[in-house]
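In: sharing a sequence plus its predicted fold:
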Amino acid sequence: MSIGKFEILCKDAKSNARKGLLTTGHGDIRTPVFMPVGTRGSVKGLTPEMVKDIGSQIILANTYHMYLRPGIDVVEQLGGLHKLMAWDAPILTDSGGYQVFSLSTLNRIGDDGVEFASHIDGQRIYLDPAIATDAQNRLGADIIMAFDECAPYPCERERLVSATERSIRWAKICKDSHKNDLQLLFAIVQGGIDLELRSYCADKLVEIGFPGYAMGGLSVGEGFDNMIRTTAHTVRHLPEDKPRYLMGVGMPADLIAGVREGIDMFDCVLPTRNGRNASAFTEEGPIKLRNSVYTTDIRPLEEGCGCYCCRNFSRGTLRHFFNVGEMLGPTLVSIHNITFLQRIMDKIHKNIDNNTFSEWSEEKLKKYAAC
Ligand SMILES: CC#C[C@H]1NC(N)=Nc2cc3[nH]c(NC)nc3cc21
């Protein structure tokens with residue numbers, strides 16, 4: 001089994017869309033792929049069996065959260081992350097870089113690493129590239145991420161340049177610290193929407209050499225056009241034969257547009273976060289189930305969807321569940337939302353196979369933009 005092998009299976013003739021097969025220690029991943037997020041070891045409200053039944057191939061967990069609770073030692077004593085999550089397929093862990101900068105109270109950012117106060121109990125913690133890489137090696141995920149500095153958006157160019165430079169240095173330390181050949185260490189391209197900085201960062205990371213490359217710092221309020229423009233520009237600086245991962249993305253239109261620009265992997269909390277907030281994806285746009293207009297609506301969320309939620313429950317029932325605070329509400333709408341994104345990925349695969357992706361994607365993007 002050649003872990004890290006990425007085979008391009010089919011390429012769209014009129015865009016950068018492609019189908020691939022990525023070999024990992026827990027099986028092959030057919031790309032493009034959407035990865036549901038299981039931040040603290042669980043895809044919120046769903047059993048692993050439900051996630052598998054939807055067709056998800058790989059899920060995420062987060063080193064920052066697992067490091068704080070229950071701790072890496074405890075995860076190891078519980079048999080590692082796959083055992084803890086009861087998930088025998090591929091797992092990707094984020095390094096904690098983003099969460100340190102987005103969740104905790106930062107005390108010090110230095111060239112060596114970061115000191116921060118835990119967002120849970122204020123405990124002072126130190127993380128650096130080597131510690132974050134060792135933690136991910138011990139968690140045992142199949143794909144692990146470099147520890148990076150995530151500059152806020154927007155920010156002064158000087159701050160963005162400094163964070164980008166530091167992330168490149170830290171990526172090299174992560175690669176030198178990475179001990180487990182069964183795990184793939186992906187680098188993360190920084191640079192905001194500054195195309196020159198994105199090129200510089202991508203070129204430097206490719207020089208160091210990684211089995212896969214992520215793009216971070218998009219879908220943070222820059223707007224769809226900026227996100228796609230930056231993605232398209234950065235992809236041109238990444239190797240054709242390595243997987244490309246757009247972090248934290250995204251909504252239905254983002255997935256289609258990202259694939260068109262050559263992205264292979266996506267993750268996003270929105271299907272489950274929106275699911276917990278009674279917001280369901282539909283082909284006609286999101287519907288807010290707490291709205292009284294759905295009180296006696298006997299239709300499923302989406303005619304023809306086929307997910308467990310749509311096969312068994314009406315909009316009226318779902319509104320009732322949210323209205324009275326039944327736990328089943330968030331679970332059912334999360335199942336539907338992940339299924340909705342999975343179905344988009346399945347349609348992407350089919351259209352790339354049939355060489356109809358360009359026409360299909362154009363029509364879908366027009367439709368979603370109108371929602
Ligand atoms: C700048 C940067 C950066 C990236 N760095 C790491 N380690 N993880 C990420 C996770 C993300 N989730 C979202 N959601 C919008 N954006 C992300 C970006 C990153």
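Out: Cool, got the structure. Numbering: from 1, shown residues only.
In: between the two ends of stretch 278-296, how far is it?
Out: Distance across stretch 278-296, first residue to last, is 16 Å (C-alpha to C-alpha, to the nearest Å).
In: for stretch 181-191, that is, sorry about that
Out: 29 Å.
In: got the residues of the stretch 51-200 of the chain near the ligand?
Out: 94, 95, 97, 98, 145, 148, 150, 188, 190 (C-beta under 6 Å from any ligand atom). Yep, even glycine has a C-beta here, placed from its N, CA and C like the rest.
In: got CSV for these, with pLDDT, neighbour count and distance to residue 286 too?
Out: Shown next, in CSV, are those (pLDDT from 0 to 100; neighbours: other C-beta atoms under 10 Å; distance: C-beta to C-beta, whole Å):
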residue, pLDDT, neighbour count, distance to residue 286
94, 98, 31, 26
95, 97, 26, 31
97, 91, 26, 30
98, 94, 21, 25
145, 98, 31, 29
148, 97, 30, 31
150, 95, 19, 28
188, 98, 29, 29
190, 98, 30, 31
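In: adding secondary structure, write those out as JSON lines.
Out: Listed next are these as JSON lines, based on DSSP: H, G, I helix; E, B strand; the rest coil:
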{"residue": "94", "secondary structure": "strand"}
{"residue": "95", "secondary structure": "coil"}
{"residue": "97", "secondary structure": "helix"}
{"residue": "98", "secondary structure": "helix"}
{"residue": "145", "secondary structure": "strand"}
{"residue": "148", "secondary structure": "coil"}
{"residue": "150", "secondary structure": "coil"}
{"residue": "188", "secondary structure": "strand"}
{"residue": "190", "secondary structure": "coil"}
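In: which strand residues bridge the spatially most central residue of the chain?
Out: Central residue of the chain (C-alpha atoms, centre = their mean): residue 267, 1.8 Å from the mean position. In this structure, residue 267 bridges to residue 35 when assessed by DSSP bridges.
In: residues contacting it?
Out: In this structure, residue 267 makes contact with 34, 35, 36, 37, 60, 92, 245, 247, 248, 249, judged by C-beta atoms under 8 Å, 6 or more residues apart in numbering.
In: burial of the last one, as a residue count?
Out: Using other C-beta atoms under 10 Å as the criterion, residue 249 is surrounded by 22 other residues.
In: how about it, nearest residue that isn't a chain neighbour?
Out: Nearest residue to residue 249, sequence neighbours excluded (C-beta to C-beta, 6 or more residues apart in numbering): residue 219, at 4.7 Å.
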